[in-house]
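Visitor: Sequence first, predicted model second:
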Amino acid sequence: MNHLLKAVFADKHGKLVLFQWPNAPLISWGVLLIVAKLVHTNPIHTVANVGSFIAIGIWAVLELCWGATLFRRLLGGIVLVLSIISRF
């Protein structure tokens, strides 16, 4: 079990990474999502809604391609697929 945890949650230096501070795209997504939920004026709501989709997409691609651990890369892929599916 310990080997599985290291394979999924260890970075390239072998250190376990269970938490990382949110980066700019993730913070932007959160702020824009809150704005989209609270403001129902059409132009502001639309910009915040589209902006939050773009921000989470950028975050997901960054994690998928350059995530520190296997877990982060898998999470990026899952979030990217789910966010695209949610738009259709």
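Guide: That came in fine, so what should we check first?
Visitor: Let me know the helix or strand that the closest residue to P22 other than its chain neighbours is in.
Guide: Nearest residue to P22 in three dimensions, chain neighbours excluded: G30, at 7.6 Å (CB to CB, 6 or more residues apart in numbering). Where C-beta positions appear, they are placed from N, C-alpha and C, glycine not excepted. Element membership of G30 [criterion: DSSP states H and E] is helix 24-38.
Visitor: And that helix, what's buried?
Guide: By neighbour count on 16 or more other CB atoms under 10 Å, the buried set for helix 24-38 is P25, L26, S28, W29, L32, L33, V35, A36.
Visitor: Tabulate those residues (TSV), appending distance to I58.
Guide: Converted to TSV, the buried residues of helix 24-38 look like this (distance: CB to CB, whole Å):
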residue	distance to I58
P25	4
L26	9
S28	8
W29	9
L32	12
L33	14
V35	17
A36	17
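Visitor: these two touch, right, S28 and G57?
Guide: No. Counting by CB atoms under 8 Å, S28 does not reach G57; the two are 11.1 Å apart.
Visitor: any idea how far I56 is from the residue nearest to P22?
Guide: Here the criterion is CB to CB, to the nearest Å. By it, G30 lies 9 Å from I56.
Visitor: cool, and K37?
Guide: For K37, the distance to I56 equals 14 Å [CB to CB].
Visitor: Look up the closest residue to I56, ignoring the ones flanking it.
Guide: Of all residues not flanking I56 in the chain, W29 sits nearest, at 4.5 Å (CB to CB, 6+ apart).
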